[in-house]
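# no sequence on this one, just coordinates:
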């Protein structure tokens, strides 16, 4: 058995590549079906966020073939040549795969260490895979353990203290640009979770002139009522863009929502006064070409890294404490996972010895002749106790050896040869 995760994140790849390999939520069920068909029913979960695309797989084979299949799947599904992303792809197997997921769920691998949103995103990805019957015993145990560890990290450390979200870092960037946000007009494009979190941070920092833009005017109106802003439909975006000092965009659109033409016209109407854009969507909402316009200053999700790094310094000690919790969780999961490898051999040993016991018992009953039912039960019970006593210590030691070995199958194959057991899948 092998546990494998293959993916890429903000640590290894730029946003333009991440958005090309991104899985929109509505496409994940079909993607899981295609992946499991390719891997012949393996347990699989796809985690796709603005900062990472990762595929977790449990399969009854060695890690390398699984890794290759995942790479081929990414190429086929996204129509991307392997050469374009192979160098930024990372792969972890078995114990390292478990450790990686536990760090991701605990927000120790996030752009903003300690942010809370990633746990919800990983949980949603797991529930979706579960609903599509894409998970198996191992992937379910793996993700449930990840959620438990993330909760422990959150409740027993201060890793989440302070301003620790992508939205708060985006607002910090806006504050660093303007120093004072009061009196500035902010246009929010999109009403997703990230956009709403950013909106709340902006209001907390003094913003009182808000333009809410959404494809659904009803959603825009709901936010406008809550935050005393002005609601606009997406079709009105280009007519009001000139009013915005800051544009914060976070939609789920598959293509660019704003391009150079929008901002060139807006600048004419606002007398060439600069516009600052913070695009935290993946795929991106704003065409990178707008950065070529002199009065436009565009920041995407990768541009937040510097602010996030500064934010991190205050919580360095908490990371070490959090990693101790993660490492303990990895040890427990790995012992359980390795123990699974021994189950078929244990079942085979028990069946083999009981078959011998039963055959010898039948011979004995035939030789003894007329016995009462009670006498037969007593003798049979005696033979079962003897077999169980004989097996007790070897099985206990076998489980211990399997959990302690990096390659448990060498131990299992030896046991099978010693007892003449059948190879079990």
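Received, thanks. Source: prediction; values computed, not measured.

# Return the residues in contact with the nearest residue to residue 10 once chain neighbours are set aside.
Distances taken as CB to CB, 6 or more residues apart in numbering place residue 51 nearest to residue 10, at 4.4 Å, with adjacent residues excluded. (Glycine included, C-beta is placed from N, CA and C.) Residues counted as contacts of residue 51 (CB atoms under 8 Å, 6 or more residues apart in numbering) are 9-10, 18, 110-111, 282, 301.

# ok, those vs residue 346, which is closest?
Nearest to residue 346 out of the contacts of residue 51 is residue 9 (CB to CB; 39.0 Å).

# Does that closest one touch residue 48 like I think?
No: between residue 9 and residue 48 there is no contact under CB atoms under 8 Å: 10.9 Å.

# Could you check which of the two has the larger neighbour count?
Legend: neighbour count by other CB atoms under 10 Å for residue 9 and residue 48, higher for residue 48 (22 against 18).

# now the more buried one: how far from residue 197?
19 Å (CB to CB, to the nearest Å).

# One more: residue 356?
Relative to residue 197, and taking CB to CB, residue 356 is found at 65 Å.

# Compare neighbour counts for these two and give me the winner.
A direct count of neighbours by other CB under 10 Å for residue 356 and residue 197 places residue 197 higher, at 21 against 12.

# For that one, what is the enclosing helix or strand?
Assigning secondary structure by DSSP states H and E places residue 197 in helix 193-204.

# What's the first helix or strand after that helix?
Using DSSP H and E, the helix or strand that follows helix 193-204 in sequence is strand 209-214.

# Output the residue ranges of the strands in the stretch 1-150 of the chain, listed in chain order.
Listed in chain order, the strands of the stretch 1-150 of the chain (DSSP state E, counting those that start in this stretch) span 2-9, 43-48, 52-59, 90-93.

# any idea of the angle the third one forms with strand 43-48?
Just to be clear, that refers to strand 52-59. Interaxial angle, strand 52-59 versus strand 43-48 (axes from the mean of the first three to the mean of the last three CA atoms, to 10 degrees): 180 degrees.

# Contacts for stretch 19-26, please.
Residues outside stretch 19-26 that contact it (CB under 8 Å, 6+ apart) are 8, 31, 46, 48, 53, 74, 78, 80, 84-85, 128, 252, 254, 282-284.

# so what's residue 125 scoring on pLDDT?
pLDDT, residue 125: 96.

# Correction: the previous question concerned residue 58.
Residue 58 carries a pLDDT value of 95.

# Might you report the residue contacts of it?
Under the criterion of CB under 8 Å, 6+ apart, the contact list for residue 58 reads 1-4, 42-44, 136, 138-139, 142.

# Kindly list the single helix or strand of this structure that scores lowest on mean pLDDT.
helix 305-312 (a mean of 67; mean pLDDT, DSSP states H and E).

# Beyond that helix, next helix or strand please.
Helix 305-312 is succeeded, C-terminally, by helix 316-368 (DSSP H and E).

# Just want the angle from that next one to strand 2-9.
160 degrees.

# helices and strands around the helix or strand that helix 316-368 is followed by, which ones?
The first helix or strand that comes after helix 316-368 along the chain, using DSSP H and E, is helix 373-404. Judged by 3 or more CB pairs under 8 Å, 6 or more residues apart in numbering; DSSP states H and E, helix 373-404 is in contact with helix 316-368, helix 408-419.

# avg pLDDT for helix 373-404?
For helix 373-404, the mean per-residue pLDDT is 85.
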